[in-house]
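>>> How does the following fold in three dimensions:
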Amino acid sequence: MKFDGRFLNSVVFTSGLLAVNTILSAPATAQLSCEPGSVDQHSNGSLANCRLSSNVTVEASHSSAGSFTFPCKGGEYISFDAQGQFQSCVLSAPVEIRTDNASEICPAEYRVSISEDENSPVSCQIR
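The predicted structure follows:
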C-alpha cells in the first residue's frame, strides 16, 4: 500500500488555517467591574454606562484619528454607544492626546470623550 503525503499535508494545512481563523476572529472582550445598581443598558442590551468599581484601562479607536489608551477612574461613570464602542470616562491619570499636528495633556479627574467629529475626535473637559 502506497501512502500519499499530499493528503496529510492538505489536512494539516487546512486544520491550521481553521485554528488561526478561530483565534483571530474571536471578539475582543474587556472585563469591567461595575458598582451594584449603577448599570444602564441600551435597548439592544449592550452596556450604556456604569460606575466603575475600580480603575480600568480602556483601548479606544476613532475612524480617522487612530487609537487611544485611557486610564479610567474607579468610582466614576464610563459610557459606551449602542455598538459597544467607548464614549467617555473620567481619567485616573493625565493623558497626552495627539491628533494631527496638535497635542494636549488631559489632566487626571477630567472627562475624556470620543466623538465621530473629524475636527475634534477627542475632547477633554473638566467634569
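>>> In this structure, what residue spans correspond to strands?
Along the chain, counting by DSSP state E, strands occupy 40-41, 47-51, 56-62, 66-72, 77-80, 86-90, 95-99, 102-106, 110-114, 122-126.
>>> so what strands line up beside the last one?
Looking back up the chat, that one is strand 122-126. The strands beside strand 122-126 in its sheet (DSSP bridges) come out as strand 110-114 (antiparallel).
>>> relative to strand 66-72, how tilted is the strand it pairs with?
150 degrees (axes from the mean of the first three to the mean of the last three Cα atoms, to 10 degrees).
>>> can you tell me which of the strands of the chain the model trusts least?
Out of the strands of the chain, strand 95-99 stands lowest, with a mean of 86 (criterion: mean pLDDT).
>>> ok, now how distant is the closest residue to residue 41 other than its chain neighbours from residue 33?
Spatial nearest neighbour of residue 41, excluding adjacent residues (Cβ to Cβ, 6 or more residues apart in numbering): residue 48 at 5.5 Å. (Each C-beta comes from the backbone N, C-alpha and C, glycine too.) Distance of residue 48 to residue 33, given as Cβ to Cβ, to the nearest Å: 17 Å.
>>> the more surrounded of those two?
residue 48 (16 against 11; other Cβ atoms under 10 Å).
>>> any idea how far that one is from residue 104?
Residue 48 is 28 Å from residue 104, by Cβ to Cβ.
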